[in-house]
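In: Here is the input, now give the coordinates:
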Amino acid sequence: MMTTRRSFLLGSTCMLAAARAIGSNVPNKSGHKPNVLMLAIDDLNSWVGAMRGHPNTKTPNIDRLAQQATTFTNAHAPAPLCGPSRASIMTGLLPSTTGIYGHIRDNDIRVANAKAAQSTFISEYFKQNGYYTAAVGKIFHYGVADGSFEVFGGRPKGFGPYAPKRMKWDSKGTNTDWGAYPEKDELMPDYESAKWLVKQLQRTHNRPFFLAGGFLRPHVPWTVPQKWFDMHPVEDIELPPYLPNDLDDVPEIAKRISTYKMMPTTDWAIKSGEWKNIVQAYLASISFVDHYVGQVLDALASSEYADNTIVVLWGDHGYAVGEKNRFAKMSLWETSTRTTLIIKPPKSSGRQISNRPVSLVDLYPTLVRMCGLPENPQNEGNDISPLLKEPNAQWEHVALTTFGLNNHAVKDDRFRYIRYEDGSEELYDHRTDPNEWNNLAGNPFYTDIKSALSAHLPKENAKWSPVSEYRSNEYFNALTEKAKQIE
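Out: Numbering: from 1, shown residues only. Okay, the predicted model is just below:
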């Protein structure tokens, strides 16, 4: 852990030196372009108080932000996996355009395919328009791509700290584990990231800034100090809804895509008596990261930038914590695609809730518009800033999620439609079936609804890029190998 702390300290030292060397003739005064503070939280589903995602959630700081912001209760990831989701957010391009369907090294994004090579990362675009750009933690998948930010405070390798030996789940190929560890917060990478962001907000900036902070928890392992577990007594934990035969009516390809043999199943968690412990650990990890988000928000509130900064907080995709017999992301069901999205303008009129379907790929054009920058015509997302003025205004758009080549989910105000690469389908009515237990795709009554939703499927499905891979599932591993052979 000393190495991790040293890497952060070295990153901070380099950041300060670089910051002093960066000058600008553009003043950051009242009335000038707003600053942007973007907070990305790894593997955060909808389990925050503002989203009412779980009754045992305790997230006072994120909820405090929501009191001054618009919370999007129907927000979805462009992909249900960190690498492709973050590549999409940062480029403003869909996975079906770039061929980035699996994990990818940050500097490989630009060589994924021709469309990706022509992209400009959102941070680069803000820099080109006079912004100081800085980041810390997990922004892309591994760190940050070269040149994407002027200053980078570092990201520890992996998702530790790791207990000396496995605490609950000993399976190769996954970080999945849970329990109280380490002894104190100061040993957690997110502690360092929060301190780094606070220092940035305490500096005097002579031009508007685009500041991004990536927090690792609640990504596995679900290990945080004991005090965060104590906030969620295991005897009080309520379990998510679960139907043992839930997957009896889904296509075989759905099971192949969503099955990860190295992850625990809900059946195992019930039999072993661990389900409540897993839920407790996930909630504890969320409460932990909420505290450090709060430190950053407090620093902003006490800074000279409090009244001229946009705050956007998002999780990169959803996460099932027992629903559909799984503890995982990586599916096209609601639990894997739906996430937290909260946007606070510089001047807020108070809490607002939008139920309109939006995607994280919409963040790029939205922030560009909110900051008064020229539109980037390459963006494939939608500007959702009108929903900040009228949260439930008429909205013709849907949220699209892609997982692998030609596997897509379309979510509107009411329905989720899934079509897989072999043509098989799923359809769920969230008005009557919020848990997605009853697949309606074979019911002729819904033919017109399926047709309307399928019109939103991407017209382009780029080949799987050989520099993007995912090996934790046999189905995707085969596709990855095929892409490399074709290349």
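In: what's near enough to touch the nearest residue to Gly179 once chain neighbours are set aside?
Out: Residue nearest to Gly179 in three dimensions, not counting chain neighbours: Met167, with 3.7 Å by Cβ to Cβ, 6 or more residues apart in numbering. Heads up, the C-betas are built off the backbone N, CA and C, glycines and all. If you count contacts by Cβ atoms under 8 Å, 6 or more residues apart in numbering, Met167 has them with Asp177, Trp178, Gly179, Tyr181, Pro221, Thr223.
In: Show me the strands in the stretch 251-400 of the chain, by range?
Out: 309-315, 320-321, 327-328, 341-344, 352-354, 358-359, 399-402 (DSSP state E, counting those that start in this stretch).
In: Can you add mean pLDDT, mean neighbour count and distance to Leu387 and give those back as TSV?
Out: Output for the strands of the stretch 251-400 of the chain, formatted as TSV (pLDDT from 0 to 100; neighbours: other Cβ atoms under 10 Å; distance: least, Cβ to Cβ, whole Å):
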stretch	mean pLDDT	mean neighbour count	distance to Leu387
strand 309-315	98	23	13
strand 320-321	98	24	27
strand 327-328	96	27	30
strand 341-344	98	25	9
strand 352-354	98	19	5
strand 358-359	98	26	7
strand 399-402	98	27	13
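In: For the ones you listed, could you give me TSV that also reports distance to Tyr470?
Out: TSV is the format used below for the strands of the stretch 251-400 of the chain (distance: least, Cβ to Cβ, whole Å):
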stretch	distance to Tyr470
strand 309-315	19
strand 320-321	17
strand 327-328	12
strand 341-344	24
strand 352-354	32
strand 358-359	20
strand 399-402	13
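In: what about those, which gets the closest to Asn443?
Out: Nearest to Asn443 among the strands of the stretch 251-400 of the chain is strand 399-402 (22.7 Å), distances taken as Cβ to Cβ.
In: List the neighbouring strands of the closest one plus their orientation.
Out: strand 408-411 (antiparallel) (DSSP bridges).
In: which residues sit against the strand it pairs with?
Out: Residues contacting strand 408-411 (Cβ under 8 Å, 6+ apart): 74, 76, 96, 332-334, 337, 357, 398-403, 416-419, 453-454, 456-458.
In: what's the distance between the residue nearest to Met263 when sequence neighbours are not counted and Thr340?
Out: Distances taken as Cβ to Cβ, 6+ apart place Ala328 nearest to Met263, at 5.0 Å, with adjacent residues excluded. Ala328 sits 18 Å away from Thr340, going by Cβ to Cβ, to the nearest Å.
In: so where do the helices sit in the stretch 101-250 of the chain?
Out: For the stretch 101-250 of the chain, the helices defined by DSSP state H, counting those that start in this stretch cover 114-117, 122-128, 189-202, 226-230.
In: Which strands or helices does the longest one pack on?
Out: What that stands for is helix 189-202. helix 2-21, strand 132-137, strand 209-215, helix 275-301 (3 or more Cβ pairs under 8 Å, 6 or more residues apart in numbering; DSSP states H and E).
In: Count the residues that sit near the residue lying closest to His32 once chain neighbours are set aside.
Out: Nearest residue to His32, sequence neighbours excluded (Cβ to Cβ, 6+ apart): Pro208, at 6.3 Å. Using other Cβ atoms under 10 Å, Pro208 has 24 neighbouring residues.
In: my guess is Pro208 meets Lys127, correct?
Out: No. Assessed by Cβ atoms under 8 Å, Pro208 is found out of contact with Lys127, at 10.7 Å.
In: that older thread, output the helices of the stretch 101-250 of the chain in JSON lines; the columns should cover distance to Asn407, mean neighbour count and mean pLDDT.
Out: Formatted as JSON lines, these follow (distance: least, Cβ to Cβ, whole Å; neighbours: other Cβ atoms under 10 Å; pLDDT from 0 to 100):
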{"stretch": "helix 114-117", "distance to Asn407": "19", "mean neighbour count": "16", "mean pLDDT": "96"}
{"stretch": "helix 122-128", "distance to Asn407": "26", "mean neighbour count": "21", "mean pLDDT": "98"}
{"stretch": "helix 189-202", "distance to Asn407": "32", "mean neighbour count": "22", "mean pLDDT": "98"}
{"stretch": "helix 226-230", "distance to Asn407": "36", "mean neighbour count": "17", "mean pLDDT": "98"}
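In: Good, we can wrap up now.
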